[in-house]
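**Q** Sequence and predicted model, in that order:
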Amino acid sequence: MAKLFPILTTFLLFFFFSSSSCWAHSEEQMSSFLRSEKRVEKAAYETQSHFQFFWHDIVSGPSPTSVRVAQAPSEKNSTTSFGTIVMIDDPLTVGPNLSSPLVGHAQGLYSFAGKDSVGLLMAMTFVFAQGDYANSTIVIMGRNDVFSQVREMAVVGGSGLFRLARGYAQARTHTFDQTTGYTVVQYDVFVTHS
Ligand SMILES: *[C@@H]1O[C@H](CO)[C@@H](O)[C@H](O)[C@H]1NC(C)=O
Ligand SMILES: *[C@@H]1O[C@H](CO)[C@@H](O)[C@H](O)[C@H]1NC(C)=O
Ligand SMILES: *[C@@H]1O[C@H](CO)[C@@H](O)[C@H](O)[C@H]1NC(C)=O
């Protein structure tokens, strides 16, 4: 035991210094870009809002709001347009008619991510144009299997009034014009924010 004690002490000292220097090192790395850190209480109340508006995907005519930007060579042989990417700046309106008041725009893209069935990957930001919500955003991401009656996508975040937003959006096709490709989709967005 008397012989073991110095060995044990050396081992413990070594362990202490090696782990503390490692800790100091990682703290130094952290503090180079960490500007502040604090523990916060959760708000007792959060706001849950339900928004409803209509999304207009205008793919043809003199001023399309939806443009195809890329496609895989094999897309021509695909019945599901697999491998196509479409960029959008689609108007959002209060009612289903394009001439109804403007709510904002859906900016982003959708891509055809389904090989055997049509399944879009939606990645878009709803940018609001009106009143208190002007310039605040809600970010949507998720799968949109357009032939289903109701499609659900995630609200993955937001900005402005919608900072730290979370929730979900439900999409229902309102009208689809087979000759022009013009599609109107009803969006119901359920969002929890501070
Ligand atoms: C499309 O399919 C045809 C017939 O199967 C084939 O010859 C052609 O190479 C395919 N094209 C592409 C781009 O995959
Ligand atoms: C949309 O509104 C315009 C102008 O108010 C009207 O002429 C048109 O018929 C409406 N379209 C539909 C599909 O209701
Ligand atoms: C929103 O942003 C635009 C520029 O993108 C700016 O002109 C406008 O004043 C902003 N509105 C508000 C309410 O901040």
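**A** Thanks, I have the structure now. Ligands and ions are numbered 1, 2, ... in the order given.
**Q** Name the residues of stretch 152-169 that are buried.
**A** Within stretch 152-169, the residues that qualify as buried are Met153, Val155, Gly157, Gly158, Gly160, Leu161, Phe162, Ala165, Gly167, Ala169, counting by 16 or more other C-beta atoms under 10 Å. C-beta: built from backbone N, CA, C; applies to glycine.
**Q** surely Ile138 meets Phe162?
**A** Yes. The criterion here is C-beta atoms under 8 Å, and Ile138 meets it with Phe162 at 5.2 Å.
**Q** what's the neighbour count on the closest residue to ligand 1 within the chain?
**A** Ranking the residues of the chain by distance to ligand 1 (C-beta to the nearest ligand atom) places Asn77 first, at 3.7 Å. Asn77 has 8 neighbours, counted by other C-beta atoms under 10 Å.
**Q** before we move on, what about Gly108?
**A** There are 19 residues near Gly108, going by other C-beta under 10 Å.
**Q** and the protein, which residues reach ligand 1?
**A** Neighbours of ligand 1 within the chain, by C-beta under 6 Å from any ligand atom: Pro73, Ser74, Lys76, Asn77.
**Q** Specify which member of these is nearest to Ser49.
**A** Distance to Ser49, by C-beta to C-beta, is smallest for Ser74 among these, at 42.3 Å.
**Q** isn't there a strand covering the closest one?
**A** No. Judged by DSSP: H, G, I helix; E, B strand; the rest coil, Ser74 forms no part of a strand; its state is helix.
**Q** How about it, nearest residue that isn't a chain neighbour?
**A** Once flanking residues are discounted, Ser74 sits nearest to Gly83: 6.3 Å by C-beta to C-beta, 6 or more residues apart in numbering.
**Q** One more: His56?
**A** That would be Pro91: by C-beta to C-beta, 6+ apart, it lies 5.0 Å from His56.
**Q** Help me confirm that Asp177 comes into contact with Thr183.
**A** Yes. Applying C-beta under 8 Å as the test, Asp177 and Thr183 come out as touching, 7.4 Å apart.
**Q** neighbour-wise, which of these two wins?
**A** Applying other C-beta under 10 Å to Asp177 and Thr183 shows that Thr183 carries more neighbours, namely 18 against 12.
**Q** so that one makes contact with Thr173?
**A** Yes. In terms of C-beta under 8 Å, Thr183 counts as a neighbour of Thr173; the distance is 6.7 Å.
**Q** need the strands for the chain, in chain order.
**A** According to DSSP state E, the chain carries its strands in the segments 47-57, 66-71, 84-93, 102-112, 120-128, 137-144, 151-159, 166-176, 183-193.
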